[in-house]
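Visitor: Take a look and give me a structure for this.
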Amino acid sequence: MLLKAKVAARLPAKDLDRARAFYSEKLGLEPIEQREGGLRYVCANGEFAIFVSAGTQSGTHTQMGWEVEDIEATVRELRARGVKFEEYDLPGLKTVEGIAQITGNYPSKGTGERGAWFRDSEGNLLGIGQPIRS
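Guide: Down below sits the predicted model:
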């Protein structure tokens, strides 16, 4: 049943207007639909919604990500729009100019991945990834 179902992410927001401004101004995304307390976005083959929530997101893990063809160009464009990328220096994960080289990946996706992370206006941790295909 779920195998053929469409998957969509949900991201909490304390301030929906602030979140909408961030996604528009910083990421260049506009909602295709809105309802009381929520915004729905569609990107290529997926979608996500931002909804008003009194809950607190942990921000300790990637909550949603985009797979891109050119991570350097994407990071450069988002930085020009004011997005601030996370910097990590952890065992097995070190960013250089906001981009990390990650070993290992799902075999159908390549041999590794390059990744970058940033937070939206609500504290959600979002990621950008580019598979490494050899």
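Visitor: Pull out the buried residues from the helix or strand encompassing Arg114.
Guide: According to DSSP states H and E, Arg114 maps onto strand 112-119. Using 16 or more other CB atoms under 10 Å as the test for burial, strand 112-119 gives Gly112, Glu113, Arg114, Gly115, Ala116, Trp117, Phe118, Arg119. Every residue, glycine included, has its C-beta placed from N, CA and C.
Visitor: Going toward the C-terminus from that strand, what's the next helix or strand?
Guide: strand 125-132.
Visitor: Nearest residue to Pro31 in space, ignoring adjacent ones along the chain?
Guide: Excluding its sequence neighbours, the residue lying closest to Pro31 (CB to CB, 6 or more residues apart in numbering) is Leu39, at 4.0 Å.
Visitor: so the one you found sits right up against Arg20, yeah?
Guide: Yes: counting by CB atoms under 8 Å, Arg20 is a contact partner of Leu39 at 5.9 Å.
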